[in-house]
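Asker: Build me a model:
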Amino acid sequence: MVEKVPAAVKMGPNETVYREFDMPDIGDDAAIIKVEIAGICGSDVKNYGKKIENVIMGHENVGVVYKASKKWSDRKGVKEGDRVLLEHYLPCMKCEWCHQGEYRHCKETDWHTNPNAIRYGYTSADLAPHLWGGFAHYVYAPWNAVVHKVPDSVTAELAGIATPMSNGVQWALFEAGVGFGSTVLIQGPGQQGLAQIIACKAAGAEVVIITGTTKDKRRLEVAKAFGADVVIDVMQQDPLEEILKATGGKGVDFSIDCTAGAGTAPMLLGIAALKRKAGKLVIQGNEMPTFPDFPIYKVTQKYASLVSARGHSYKACELALRLLASHKYPVEQALTHIFGLDQVDWALKSVGNKGAADVIHVSVNPWLSGQPN
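Answerer: Numbers count the residues shown, from 1 in each chain. Below you'll find the predicted structure:
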């Protein structure tokens, strides 16, 4: 019987220590998930540099149900031994948003405005039963945990990209409305941007254009493999000129910004690249800078819609897992690095371009150990 659970704990800006926690009692309506893979996203890198203490990070978690009460298993429709995708939201399950499967809008999941919100990868380990992050051997899953059974044909490593893939489905299909015959501009070839390509192509988009910089050479190559019709290095080419060339001078139906707040230039390009009337601009990222001279007149002249994207819904996760199970896209090309629990600091630095080279999607396998590569 496991009694202690090793974990990598953030104890300050860019500082990781290793601790052991007691294995929680699951009671009559909870479970313990044995973590196989915990993905790292850009928000983890930003949070790692902040003055946040005693947090087990890791919110893109895939694992096996290690121990579960009968009530919990009946509620979730999964049993011990099943591989699951664990969403990072722990919603109230009572509000209108929860009843729609839109937990990302539930007050209990919004740690930006609710200091009492519990969320995997963000909640203090001081709060019992402590295991609120994937950079540990096990995580605690209470009655309101949201889990999805991973298809048998999807490995833990592949399922580790399901969270950004679900964002791709949510932002491109549900928020933007990309569909058959659409023309789409995606800015930023990180894991989120690459996921948008697959979602758009699966929806029947006719032309998908993605932009990046010279340092994104490898990512742009993967973008082509994922189905991007046009890739643009904004440091070597005039992006607007290339976009208009690719669309016969018409511009795009949709512009999706996945640059995570990389200044105002992507926003301005997105507006300029939209078609003459009724295009849609999708933005996301909590680090977006202020924009005191935002050209609202350019948006209104084009009768364009501005849409904010945040997180994903239950349905988006289900469709993301279905996309991965189809094996129609060479998603494995984006799975570039897996690090052990004692390499969490290096893994986070790698995603922040201060560690390993040519990273795209980086994961932590808490059962591995070794020296950083």
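Asker: So which residues of the stretch 101-250 of the chain form helices?
Answerer: With DSSP state H, counting those that start in this stretch as the criterion, the stretch 101-250 of the chain has helices at 156-159, 162-168, 191-202, 217-226, 239-246.
Asker: Same list (the ones you listed) but as a markdown table, adding mean pLDDT and mean neighbour count.
Answerer: Glycine gets a C-beta too; all of them are placed from N, C-alpha and C. Formatted as a markdown table, those follow (pLDDT from 0 to 100; neighbours: other CB atoms under 10 Å):
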| stretch | mean pLDDT | mean neighbour count |
| --- | --- | --- |
| helix 156-159 | 98 | 21 |
| helix 162-168 | 96 | 28 |
| helix 191-202 | 97 | 28 |
| helix 217-226 | 97 | 18 |
| helix 239-246 | 98 | 17 |
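Asker: Can I get these in a markdown table including distance to residue 355?
Answerer: Shown next, in a markdown table, are the helices of the stretch 101-250 of the chain (distance: least, CB to CB, whole Å):
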| stretch | distance to residue 355 |
| --- | --- |
| helix 156-159 | 19 |
| helix 162-168 | 19 |
| helix 191-202 | 16 |
| helix 217-226 | 15 |
| helix 239-246 | 29 |
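Asker: quick one: which of these is nearest residue 69?
Answerer: Among these, the nearest to residue 69 by CB to CB is helix 156-159 (23.5 Å).
Asker: which outside residues touch that closest one?
Answerer: The list of residues contacting helix 156-159 from outside it, by CB atoms under 8 Å, 6 or more residues apart in numbering, reads 36-37, 62-63, 83, 85, 150, 321, 324, 331-332, 335, 338, 363.
Asker: Okay, now the unreliable bits of this protein?
Answerer: With pLDDT under 70 as the threshold, the chain has low-confidence stretches at 1, 261-262, 285-289, 370-373.
Asker: Tell me how it divides into domains.
Answerer: Recorded structural domains for the chain (assignment: automatic domain parsing) are 4-153+327-365, 164-308.
Asker: Output those domains in a markdown table; the columns should cover distance to residue 314.
Answerer: As requested, these are exported to a markdown table (distance: least, CB to CB, whole Å):
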| stretch | distance to residue 314 |
| --- | --- |
| domain 4-153+327-365 | 4 |
| domain 164-308 | 9 |
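Asker: Those: which one's closest to residue 315?
Answerer: Evaluated over the domains of the chain, closeness to residue 315 peaks at domain 4-153+327-365, with 6.0 Å, by CB to CB.
Asker: Just confirm residue 352 contacts residue 45, I think it does.
Answerer: Yes. With contact defined as CB atoms under 8 Å, residue 352 counts as touching residue 45 (4.2 Å).
Asker: For those two, indicate the residue with more neighbours.
Answerer: Summary of the neighbour comparison: residue 352 and residue 45, criterion other CB atoms under 10 Å, with residue 45 having more neighbours (20 against 17).
Asker: Is it correct that residue 338 is in contact with residue 364?
Answerer: Yes. Taking CB under 8 Å as the definition, residue 338 is a contact partner of residue 364 at 7.4 Å.
Asker: Quick check: the gap between the spatially closest residue to residue 68 that is not a sequence neighbour and residue 235.
Answerer: The shortest distance from residue 68 to any non-neighbouring residue, by CB to CB, 6 or more residues apart in numbering, is to residue 31 (3.7 Å). Residue 31 sits at a distance of 48 Å from residue 235 (criterion: CB to CB, to the nearest Å).
Asker: Thank you, goodbye.
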